[in-house]
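# sequence first, then the predicted structure, then my questions.
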Amino acid sequence: MKSFCRGKTSEAPNIKPSIIDFSPPPLSVSPAADPAVISPQDPTLLIGSSLVATCTVSPDFPLKAEDLYWTLNGRRLPAASYAALGPSTLSVALARLNGSRQQSGDNLVCHSRDGGILAGSCLYVGLPPEKPVNITCWSKNMKDLTCKWAPGTEGETFLHTNYTLKYKRRWYGQDNTCQEYHTAGTYSCHIPKDLALFTPYEIWVEASNRLGVAVSDVVMLDILDVVTTDPPSDVHVSRVGDLEDQLSVRWSSPPALKDFLFQAKYQIQYRVEDSSEWKVVDDVGNQTSCRLAGLRPGTVYFVQVRCNPFSIYGSKKAGIWSDWSNPTAASTPRSGECSQHRSGVPPVPRDVRGALPQSMPGTWISCKGANSELGFPSWEPKPARVPLGPRYSRHGGDGGVETRPPV
């Protein structure tokens, strides 16, 4: 089916009345004109509107009104909606129009009796845009800025809608327009350079289509307050000797932390293999290695780490959490594999920051890293008390936990 809508550009916003009725145009048509003319040509209407369109055949073609019929998107419209307004003019009435099936518009076509196409018009039926919401921005190198937003509570306008992100320095400077769209999703834009530090920016998004314009609220931010990084790299998860309830997690700081002298804090999340529920460890601080305790013996765990830069050139605001690293898996030893069990020595209760409730599968035990001087002191588990049996001592080597018989 021939399309009369493909490749047509948006025009200035123009809201039509709810009912449109056009009288037939003059019948004088130049010899080089199309076989017929549809009026109105390419109208834009609100959802729920009604339309009366006319098809007038050129006097150079021996066709009468009774020789014509209409289709909408290839589907023949019922004859009951037609009316002959003259010897060579046929109208069609469309009531309570739904949103356009495609954003490029719907094809309304006038045909001759034998199916030939005489003329076409493109109908744009939809809604004006809503105010864009939820603008969030981040910078990965303090020189660029990426922002994303949501199109509004409803979102769907049934019409092609343009979104333009604009920004300017708060107290001076002219409006600037972002150029690199769809870099972080459908509703996003990237500003690669020419941004100033220690200067608040005003950022907003304008949405426009054939039925109107909507402007978001203005967001104010400083680049230093929205810095983020790539996820931590080289995440390794491994067993801690024969300890059946512990795993060791190690990772490397993102390169940006070294390049820009950022400080950082980390979070870990983990889950068992047969569950989709992640448990988050919040108090990791700035360490780059740590242990998890209270885990199930003989169980596969998936672990992820993410990073949040802070204290960037004295900024008092925390940065933005990075994405989580790719999941890394490791399994705890099975019950009975522990050397303490094989030697017949009773296991020492693992008392970390107080008693470890059995209902809490997995808890923080110890963290260490190369950046402990940045203000997050590591800590060691307190010695456990063994009420019965031989006396034992616990030693934390590099954050480790050991049980040794007395000498």
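That came in fine, so what should we check first?

# ramachandran angles for residue 65?
phi -60, psi -40 (degrees, to the nearest 10).

# and it, what is it in contact with?
Residues in contact with residue 65 (CB atoms under 8 Å, 6 or more residues apart in numbering) are 84-90. Where C-beta positions appear, they are placed from N, C-alpha and C, glycine not excepted.

# could you do residue 199 as well?
By CB under 8 Å, 6+ apart, the neighbours of residue 199 are 169-170, 222-223.

# next one: the most centrally placed residue in the chain relative to residue 135, how far apart?
With distances taken as CA atoms, centre = their mean, the residue of the chain nearest its centroid is residue 185 (5.8 Å). Look at residue 185 and residue 135: by CB to CB, to the nearest Å, they are 13 Å apart.

# overlap of the contact sets of the two?
residue 148.

# tell me how many other residues crowd residue 40.
18 (other CB atoms under 10 Å).

# tell me the domain ranges of the chain?
As assigned by automatic domain parsing, the chain contains the domains 19-126, 133-226, 233-404.

# so how far is the second one off the chain centroid?
Relative to its parent chain, domain 133-226 has a centroid offset of 14 Å by CA atoms, centre = their mean, to the nearest Å.

# ok, which stretches of the stretch 1-150 of the chain are strands?
19-21, 36-39, 44-46, 50-57, 68-72, 75-76, 82-86, 89-94, 106-112, 117-126, 133-138, 145-150 (DSSP state E, counting those that start in this stretch).

# okay, strands next: where are they in the stretch 151-300 of the chain?
162-169, 176-177, 180-181, 188-191, 201-209, 212-215, 219-221, 233-239, 247-252, 263-272, 279-281, 289-293, 300-310.

# where does pLDDT dip in the stretch 1-150 of the chain?
Applying pLDDT under 70 to the stretch 1-150 of the chain flags the ranges 1-2, 6-33.

# now with 90, please.
1-34, 60-62, 101-104, 140-143 (pLDDT under 90).

# distance of residue 283 relative to residue 268?
For residue 283 relative to residue 268 (CB to CB), the value is 10 Å.

# circling back: and the closest residue to the residue nearest to the centre of the chain other than its chain neighbours, how many residues sit next to it?
Nearest in space to residue 185, with sequence neighbours left out and distances taken as CB to CB, 6 or more residues apart in numbering, is residue 148 at 5.7 Å. Other residues near residue 148 come to 19 when the count uses other CB under 10 Å.

# how near is residue 148 to residue 135?
Taking CB to CB, one finds residue 148 at 8 Å from residue 135.

# could you do residue 106 as well?
Taking CB to CB, one finds residue 106 at 33 Å from residue 135.

# more neighbours: the two, which one.
residue 106 (22 against 19).

# list the contacts of that one.
5, 72-73, 100, 122-125.

# can you pull up the bridge partners for it?
Note on residue 106: beta-bridge partners by DSSP bridges are residue 123.

# before we move on, what about residue 189?
With DSSP bridges as the rule, residue 189 is bridged to residue 147, residue 181.

# and for residue 250?
residue 236, residue 289.

# nearest to residue 296, out of the strands of the stretch 1-150 of the chain?
strand 133-138 (36.7 Å; CB to CB).
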